[in-house]
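Student: Pasted the sequence and its predicted model underneath.
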Number of protein chains: 2
Amino acid sequence: MRIPILKLQNYLLVSIQVELDDQTAIEFQEDLLNKIHETGATGVVVDLTSVEIIESFIAKVLGDVVSMAELMGAKVVLTGIQPAVSMTLIDLGIHLKNVKTALDLEQGLIKLKQELEEK
Amino acid sequence: MRIPILKLQNYLLVSIQVELDDQTAIEFQEDLLNKIHETGATGVVVDLTSVEIIESFIAKVLGDVVSMAELMGAKVVLTGIQPAVSMTLIDLGIHLKNVKTALDLEQGLIKLKQELEEK
């Protein structure tokens, strides 16, 4: 099953509510980039509230998809990163330096609007 | 895999992007009602844009979950109902008479806001 990507105005919303396996993560990467292309979305919020652990391959795919989306011109905000997930990301050297983060989906959307209006 | 339910302000957003089998539909019904209870959501938008066909059991579950959610005090808007799906629903006598519908997720949220403000 693929991770649903919702379109709301110029934004895409994704809530990852399964433990991601390699295949699902790769499909998600493809689907998100295609959807950005199709819809011309200017921003993406990826909510990770339900992700409790993350392993290295998935973390890398996630870091990559953020960079790829930004290359395509869409701003990405990650929300709901849990303690264990943030530890794994930093341990793996995935600092997501240019990535905005927020507490939850709602805050993420607010942050995205602010970011895009500043441009 | 369960269907993700996103919370945005007082609303829940669901985009069904898989062909629903019986098990998934039942789990969705449970999950949605639990989430309404947990979050105290006042409105729900269920987007069916990606659902191309629907069979009788699933249609019944969907009709039921709308009635159940309304009983719990949450307004439901269904969006993106495709021609074949609407035909199946009517053929099965599921008229969803008190249910608001809209073209897409965005319109659904607007309709929900209107409905709830009218109260």
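Tutor: Here it is on my side, so go on.
Student: And residue A:26, how far from chain B?
Tutor: 16 Å (C-beta to the nearest C-beta, to the nearest Å). C-beta: built from backbone N, CA, C; applies to glycine.
Student: Okay, and the closest residue to that residue other than its chain neighbours sits in which element?
Tutor: The shortest distance from residue A:26 to any non-neighbouring residue, by C-beta to C-beta, 6 or more residues apart in numbering or on different chains, is to residue A:61 (6.5 Å). Secondary structure assignment for residue A:61, by DSSP states H and E: helix A:56-71.
Student: Just the C-alpha atoms of that helix, please, in CSV.
Tutor: C-alpha atoms of helix A:56-71 as CSV (Å, rounded to 0.1, in the frame of the first residue of the first chain):
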residue,chain,number,x,y,z
SER,A,56,19.5,4.1,8.4
PHE,A,57,18.3,3.3,4.8
ILE,A,58,14.9,4.9,5.5
ALA,A,59,16.5,7.9,7.1
LYS,A,60,18.7,8.4,4.0
VAL,A,61,15.7,8.1,1.7
LEU,A,62,13.9,10.7,3.7
GLY,A,63,16.8,13.1,3.7
ASP,A,64,17.1,12.6,0.0
VAL,A,65,13.5,13.2,-0.8
VAL,A,66,13.6,16.5,1.1
SER,A,67,16.7,17.6,-1.0
MET,A,68,15.0,16.4,-4.2
ALA,A,69,11.8,18.2,-3.5
GLU,A,70,13.7,21.4,-2.7
LEU,A,71,15.6,21.1,-6.0
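Student: so how many other residues sit close to residue A:112?
Tutor: A total of 24 residues lie near residue A:112 under the criterion other C-beta atoms under 10 Å in any protein chain shown.
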